[in-house]
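# Generate coordinates for the sequence data below:
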Amino acid sequence: MSDFRVWECQICGWIYDEAKGSADDGIPPGTRWEDIPDDWVCPECGATKDEFSMLAIVGNAPGAQAAGTDAAFAPTSAESQTPAGGKVPAASAPASRIWECMVCGWVYDEAKGAPEEGIAPGTRWEDIPDDWTCPECGVGKEDFDMVLVSEPQAEPAPEAAAVTLDDGDPLVIIGSGLAGYHLAKEFRKLDQRTPLVIISGDDGTFYSKPLLSASLAHGKTPQQLATASAEDMARELNAEILVHTHVTNLDREARLLTLVSDSGGIRSALRYRRLVMATGASCTPLPPMEGDGLSRLFRVNSLSDYRRFRTALANRKRVLLIGAGLIGCEFANDLTQAGFQVDLVDLQPWPLASLLPEAAGRDIQQSLEQAGARFQLGAGVATLEHTSGGIRATLDNGATVEADIALAALGLTPNVGLATAAGLAVNRGIVTDRHLQTSDPHIYALGDCAEVDGHSLYFVAPLTQSARALALTLCDKPTQVQYGCLPVAVKTTLRPTVVCPPRPGSRGEWQVTAADSGVKAEFLDDAGQLLGFALTGSAIAERDSLSRRCAPLMD
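Purely as a prediction, here's the structure:
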């Protein structure tokens with residue numbers, strides 16, 4: 001039998017192992033990558049097959065797990081993998097072994113080690129301390145499964161034939177975040193000849209924004225989070241990418257954009273055939289706050305913000321987190337595991353109160369508190385003052401919190417200024433129908449800036465689904481986006497959490513089952529129909545079964 005391969009989603013890190021298949025998607029063990037239907041998508045984030053890259057080749061040497069072996073019965077120690085005598089014969093010994101966390105999918109490659117964890121390249125699994133835990137979700141070594149590998153020999157990629165672009169006005173995308181770049185990739189799969197222009201207000205670096213709240217504990221630098229430069233993306237997409245460029249005016253009648261450079265020294269005009277607004281969202285404005293300590297208050301919504309905040313953390317130990325919502329709790333999880341003392345302040349009565357029932361929110365709170373985080377709930381920051389040792393926050397209930405610096409995580413507000421000035425319909429975001437078309441038939445919107453048929457969702461899965469549908473529409477194959485059940489993994493690895501919020505305005509009640517190992521909460525309507533759910537701890541194992549039962553977001 002030839003070797004199996006392991007494939008990794010480059011958007012969210014989900015792993016497909018040919019030996020194991022993907023039972024939840026109806027893909028049996030042993031199914032080759034090329035035999036998976038072309039319209040299959042990543043079950044975690046909705047990315048298409050071409051967003052995956054081959055991670056390793058799974059060998060069939062003695063000790064390799066056979067295709068279809070149940071993970072519950074997989075060997076979990078090096079000794080149980082080898083023949084009598086304790087060593088694999090030299091003729092069949094693999095160059096290295098890869099171990100995959102069965103809880104979150106994090107991969108340990110013996111050849112590469114985990115330098116951010118102090119584990120040098122070449123460190124064998126059995127030589128890692130027994131009390132070591134997965135850096136992604138915190139489970140112990142016994143929750144890992146072994147895969148024997150030999151690294152594939154990379155073949156030089158053939159030079160792509162130059163494609164001559166058509167004459168005529170381009171498709172223009174405003175924004176170079178995940179939404180803009182993902183749409184550009186989907187569009188180029190279908191159309192290689194239409195001129196494509198991407199306008200970026202920053203340097204156009206491609207990176208995964210969701211990782212900004214989960215990279216400090218791993219020691220990830222901004223350079224490590226950046227996966228491609230604007231120059232790289234321009235080559236890949238055969239596109240013109242205008243970096244450090246801003247749109248100051250949109251003339252819908254003439255289909256004309258007015259552009260200006262960061263310095264203001266260069267002004268120009270750009271005509272478009274069709275325009276896509278992927279302008280994203282900005283941090284929600286701060287509430288009224290007195291005091292002279294705002295110079296030590298940070299927001300993180302971009303790679304440059306992450307660089308500023310990471311630099312400010314040098315030689316600091318105490319962080320005040322204002323906001324205990326999804327991003328606030330993810331940062332608390334990350335900072336606590338990175339060794340910082342974290343104090344969270346929020347007006348809400350429990351963490352993630354807008355997404356989770358109280359039992360689930362309290363469960364996350366307890367796990368973060370056990371790791372050292374402290375909560376001040378039901379109160380906001382009234383004043384933030386500079387002190388000789390850092391800052392002092394006085395809450396509106398009279399309590400005080402001492403810290404070195406502060407980070408505000410208070411949610412996002414869609415960037416709709418350009419759309420509003422141009423006279424497009426705007427509500428919470430730029431209003432679109434299910435074709436992602438705005439009130440102007442030549443202008444579309446997607447991502448955090450868009451309100452799609454009444455839905456404003458700041459997650460990756462709806463973004464990728466929207467990009468795929470819009471690419472078809474832009475190629476004159478009108479396609480409506482259809483949001484199904486969209487569970488979201490909250491990156492609180494100290495207490496793994498999945499939430500699928502019910503549609504806003506849904507009538508029903510939370511039915512909660514709580515145990516020490518985790519919380520299962522189902523949002524049911526009067527007829528018993530599942531409209532949403534929240535899972536923590538061991539209960540996340542029910543994610544797929546509940547997703548199949550849950551009503552879709554769009555009818």
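# Buried residues, stretch 185-198. List them.
Across stretch 185-198, burial judged by 16 or more other C-beta atoms under 10 Å covers Lys185, Glu186, Phe187, Arg188, Gln192, Thr194, Pro195, Leu196, Val197, Ile198. C-beta: built from backbone N, CA, C; applies to glycine.
# Quick check: bridge partners of Ala514?
Here Ala514 sits in beta bridges with Val519, going by DSSP bridges.
# Show the pLDDT at it.
We have a pLDDT of 96 for Ala514.
# Let me know whether it touches Gly361 as I believe.
No: between Ala514 and Gly361 there is no contact under C-beta atoms under 8 Å: 11.6 Å.
# quick one, which of the two is more surrounded?
Neighbour totals were compared for Ala514 and Gly361, and Gly361 leads with 26 against 17 (other C-beta atoms under 10 Å).
# Which residues are in contact with that one?
Trp350, Pro351, Leu352, Ala353 (C-beta atoms under 8 Å, 6 or more residues apart in numbering).
# what do you get for Pro129?
Pro129 sits next to no residue when contact means C-beta under 8 Å, 6+ apart.
# Spell out for me which residue occupies the centre of the protein.
In the chain, the centroid-proximal residue (C-alpha atoms, centre = their mean) is Pro210; its distance is 3.5 Å.
# That one and Glu330, how far apart?
Distance from Pro210 to Glu330, counting by C-beta to C-beta, to the nearest Å: 9 Å.
# what sits in contact with each of these two?
Lys491.
# would you list every one of the helices in the stretch 51-200 of the chain?
With DSSP state H, counting those that start in this stretch, the ranges of helices along the stretch 51-200 of the chain come out as 178-190.
# Could you list the low-pLDDT ranges of it?
56, 58-96, 102-105, 136-140, 142-162 (pLDDT under 70).
# Could you rerun that using 80?
51-97, 99-106, 116, 130-131, 133-162 (pLDDT under 80).
# Equivalent analysis for the chain, please.
The chain contains residues with pLDDT under 80 at 1-3, 8-14, 23-26, 39, 41-48, 50-97, 99-106, 116, 130-131, 133-162.
# run the last query once more with 70
The model of the chain has pLDDT under 70 over residues 1-2, 10-13, 46, 56, 58-96, 102-105, 136-140, 142-162.
# State whether Ser367 is indeed within a helix.
Yes: according to DSSP: H, G, I helix; E, B strand; the rest coil, Ser367 belongs to a helix.
# Spatially nearest residue to it (excluding sequence neighbours)?
Nearest non-adjacent residue to Ser367, counting by C-beta to C-beta, 6 or more residues apart in numbering: Arg495, 3.6 Å away.
# Verify the contact between the one you found and Ala371 for me.
No: counting by C-beta under 8 Å, Ala371 is not a contact partner of Arg495; they are 9.3 Å apart.
# Which of these two has more residues huddled nearby?
Arg495 (24 against 15).
# His386 versus the residue nearest to Trp14 when sequence neighbours are not counted, what's the distance?
Nearest in space to Trp14, with sequence neighbours left out and distances taken as C-beta to C-beta, 6+ apart, is Glu44 at 4.0 Å. According to C-beta to C-beta, Glu44 stands 43 Å off from His386.
# just Val172 next, same as before
Distance of Val172 to His386, given as C-beta to C-beta: 45 Å.
# which of the two has more neighbours?
The residue with more neighbours, out of Val172 and His386, is Val172; 24 against 14, by other C-beta under 10 Å.
# Show me the beta-bridge partners of the more buried one.
For Val172, the beta-bridge partners are Val197, Leu275 (DSSP bridges).
# Contact partners for it?
Neighbouring residues of Val172 by C-beta under 8 Å, 6+ apart: Val197, Ile198, Ile199, Leu257, Leu270, Tyr272, Arg274, Leu275, Val276.
# Would you map the helices across the protein?
Using DSSP state H, the helices of the chain run over residues 178-190, 222-225, 230-237, 303-312, 326-337, 358-370, 417-421, 460-474, 543-549.
# Rebuild these as JSON lines, extending it with distance to Gln529.
Formatted as JSON lines, those follow (distance: least, C-beta to C-beta, whole Å):
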{"stretch": "helix 178-190", "distance to Gln529": "31"}
{"stretch": "helix 222-225", "distance to Gln529": "40"}
{"stretch": "helix 230-237", "distance to Gln529": "43"}
{"stretch": "helix 303-312", "distance to Gln529": "41"}
{"stretch": "helix 326-337", "distance to Gln529": "25"}
{"stretch": "helix 358-370", "distance to Gln529": "20"}
{"stretch": "helix 417-421", "distance to Gln529": "36"}
{"stretch": "helix 460-474", "distance to Gln529": "21"}
{"stretch": "helix 543-549", "distance to Gln529": "9"}
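# most neighbours per residue, which of those helices?
Mean neighbour count (mean count of other C-beta atoms under 10 Å) peaks for helix 326-337 among the helices of the chain, with a mean of 25.
# I'd like to know which elements it is packed against.
For helix 326-337, the packing partners by 3 or more C-beta pairs under 8 Å, 6 or more residues apart in numbering; DSSP states H and E come out as strand 318-322, strand 341-346, helix 358-370, strand 488-490.
# centre of the chain versus the shortest one, how much separation?
In other words, strand 488-490. Put simply, strand 488-490 sits 9 Å off its chain's centre (C-alpha atoms, centre = their mean, to the nearest Å).
# ok, and what's touching it?
Contacts for strand 488-490 (C-beta under 8 Å, 6+ apart): 44, 326, 329-330, 352, 364, 459, 461, 496-501.
# Return the closest of the residues you listed with respect to Pro478.
If you rank the contacts of strand 488-490 by distance to Pro478 using C-beta to C-beta, Ala461 comes first, at 22.0 Å.
# Contact partners for that closest one?
Glu44, Cys45, Gly46, Leu486, Val488.
# any idea how far Pro210 is from it?
For Ala461, the distance to Pro210 equals 11 Å [C-beta to C-beta].
# Thank you kindly, that will do.
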